[in-house]
Every structure is written in C-alpha cells, then in structure tokens.
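A.B. asks: here's my sequence, what's the structure:
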Amino acid sequence: MKNNFIQRMVTGALIVAVLVCCIIFSPLTFAVLFVLISALAVHEFSQLVNKNESVNTNTLINVLGGVYLFFAFLGFCMNLAGSQIFIPYLFLIIYLLISELYLEKENPVNNLAYSMLTQLYIALPFALLNVLAFQADKAGVVTYNHILPLSIFVFIWLSDTGAYCFGTLFGKHRLFERISPKKSWEGSIGGGLITLAAGLVFGQFFPFLSSLAWAGLGLTVTVFGTWGDLVESLIKRHMKIKDSGNIFPGHGGILDRFDSALIAIPAAVIYLYAITLL
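C.D. replies: Below is the predicted model:
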C-alpha cells in the first residue's frame with residue numbers, strides 16, 4: 001500500500017508538472033501536448049471498445065480524425081484558416097459512415113456508434129481547448145491566453161482534492177452509488193466550495209474575468225467534471241474493467257486521468273460564451 005501510494009504521488013506530480021509547464025511555456029508546447037493526449041486517448045478508447053464490445057472500429061481513422069480536429073480548431077482559433085478547414089474532417093466522418101456499407105463487419109451499427117462516440121466524447125473536448133487558449137481582440141489580433149485552459153485543470157485538481165478530503169472526513173450520503181460507490185454528496189459539495197474560493201482568488205490575479213465569473217467557472221468545472229468522472233465510470237463498469245489503461249503507473253490510463261475534463265471543457269466553453277452574452 002505504501003509503495004502504491006508513493007507511486008501514485010510521484011506519477012501525479014509528474015503529470016501536473018508536464019501539463020503546467022507545457023501550457024504555460026508556449027502555444028507550440030500546448031498544441032504538441034494536447035494533440036498527443038488526444039491521439040492517445042482516442043487510441044486507448046478504440047482499443048478498449050474493440051476488445052470488450054465485439055465490435056471493430058477503425059482505430060487509425062479515429063486517431064487521425066482526432067488529430068485533424070485538434071489542428072483544425074487550432075488553425076481556426078488562431079485565424080490561420082477559415083471554416084473551410086473543417087471540410088476534410090467532415091469527409092472523414094462521412095467515410096466512417098459509408099465504409100460500413102462495404103466492409104461487411106459483424107456489428108456495423110455498433111461500429112458506427114462507437115466511432116461517432118469516440119469523436120464526440122474524446123476528440124472534440126480536447127480540440128475545444130483551443131477555443132479557451134486563443135482569443136481575438138476587436139482588431140482581429142489573436143493572443144495566446146494560457147490561463148483559461150490551465151484554470152480548467154487547476155479547478156479539476158482542486159475539486160478532486162476537496163472532494164477526497166471532505167468525503168473522507170464527512171462523507172455519509174452516496175452521490176451516485178450505482179456507478180461510483182465511493183463518491184459522496186459531502187465530498188462533492190466540499191470540492192465545489194474549494195473551487196468557488198479558488199475562483200475568487202483567480203479574479204484577484206487575472207482580472208480579464210471578474211471574480212464572480214471566475215467563481216462561476218470553477219463551479220461549472222466542478223459540477224460537469226464530476227459528471228465526466230461518472231460517465232467514464234459508467235463506461236468502465238459496462239465494459240467490466242477497472243482502469244482504461246496502464247500508461248500512468250498507479251493512475252491507470254489516459255481516460256482515467258482526463259475523464260473529468262472531457263465534459264468540463266465543453267461546459268466551460270458554453271459557460272464563457274454564455275456570460276459574454278449577458
């Protein structure tokens with residue numbers, strides 16, 4: 001137990017260090033890191049599905065789709081290309097749909113469903129990080145704002161830490177026992193309070209959003225990040241597996257580490273667009 005705890009601590013610290021350094025250092029390191037994470041996550045999910053669901057999705061095409069979608073959003077958000085940059089991706093989706101007519105596989109509908117799920121559930125959220133990272137001013141000049149994408153992960157980490165501490169100390173009422181027996185309402189509320197406080201602190205140091213807006217973003221990430229965790233738990237429970245992979249010693253696979261972000265990122269994008277319309 002002690003060795004496993006130390007392994008988890010070391011691995012977790014390395015993950016945090018790599019993410020923070022790559023996001024802060026430059027747009028290039030940001031792009032390289034998350035296109036790699038996206039490709040690995042899509043590959044991991046495709047392999048799990050093909051192994052456990054008696055289906056046969058095209059892993060290579062799914063990975064290429066995820067990589068292209070990330071770069072398409074990157075180019076579009078940086079004003080390097082117009083919306084036509086998404087056309088090749090649409091052709092790829094059309095190919096995935098039509099190809100099942102001719103491949104004569106055992107479960108074509110399942111293949112289609114899981115391929116579309118891979119793109120929507122995994123590839124799209126990572127691509128949307130570009131919407132957070134690159135903003136254009138009124139003159140059309142695009143700047144790289146590393147604080148917004150970094151804040152999503154900081155809020156997730158704080159929420160997880162707060163949920164663990166509050167849940168351990170006060171947890172009595174199960175949040176979603178059918179899917180994740182260890183999560184409690186007390187832990188989730190504690191995590192939410194931690195991110196609310198962190199949002200207020202962010203507002204003092206990064207005033208391009210008000211403290212209230214930052215607090216709302218923190219709460220949004222907490223709520224939807226918790227749902228993201230539960231969705232991945234539901235998928236793993238359905239597939240009868242404990243971890244999505246073993247790439248991170250003591251932490252499981254890519255999906256195990258980024259499950260919360262897969263729903264928190266799209267929710268954060270919606271939230272930030274919504275408050276600009278108010």
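
A.B. asks: output the below-cut-off pLDDT ranges for this structure.
C.D. replies: 1-5, 53, 249-251, 277-278 (pLDDT under 70).

A.B. asks: any idea how far I235 is from the spatially closest residue to T168 that is not a sequence neighbour?
C.D. replies: Excluding the flanking residues, the one nearest T168 by Cβ to Cβ, 6 or more residues apart in numbering is G187, at 7.7 Å. (Glycine included, C-beta is placed from N, CA and C.) Here the criterion is Cβ to Cβ, to the nearest Å. By it, G187 lies 22 Å from I235.

A.B. asks: neighbour-wise, which of the two wins?
C.D. replies: G187 (25 against 20; other Cβ atoms under 10 Å).

A.B. asks: burial count for the residue lying closest to P88 once chain neighbours are set aside?
C.D. replies: Excluding its sequence neighbours, the residue lying closest to P88 (Cβ to Cβ, 6+ apart) is Y68, at 6.4 Å. Neighbourhood size, Y68 [other Cβ under 10 Å]: 18.

A.B. asks: OK, contacts around Y68?
C.D. replies: P88, Y89, L92 (Cβ atoms under 8 Å, 6 or more residues apart in numbering).

A.B. asks: any idea where the helices of the stretch 51-200 of the chain begin and end?
C.D. replies: Using DSSP state H, counting those that start in this stretch, the helices of the stretch 51-200 of the chain run over 59-77, 87-103, 108-118, 124-133, 147-170, 185-205.

A.B. asks: columns distance to G225 on top of the ones you listed, output as TSV?
C.D. replies: Formatted as TSV, the helices of the stretch 51-200 of the chain follow (distance: least, Cβ to Cβ, whole Å):
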stretch	distance to G225
helix 59-77	21
helix 87-103	27
helix 108-118	19
helix 124-133	11
helix 147-170	5
helix 185-205	9
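
A.B. asks: still on that earlier bit, quick one: the residue nearest to T168 and T226, what's the gap?
C.D. replies: For G187, the distance to T226 - Cβ to Cβ - is 9 Å.

A.B. asks: for I275, which non-adjacent residue is spatially closest?
C.D. replies: Leaving aside its sequence neighbours, I275 sits nearest to A213 (Cβ to Cβ, 6+ apart; 5.6 Å).

A.B. asks: tell me the buried residues in the host helix or strand of that neighbour?
C.D. replies: Using DSSP states H and E, A213 sits within helix 211-239. In terms of neighbour count (16 or more other Cβ atoms under 10 Å), helix 211-239 has its buried residues at 213-233, 235-236.
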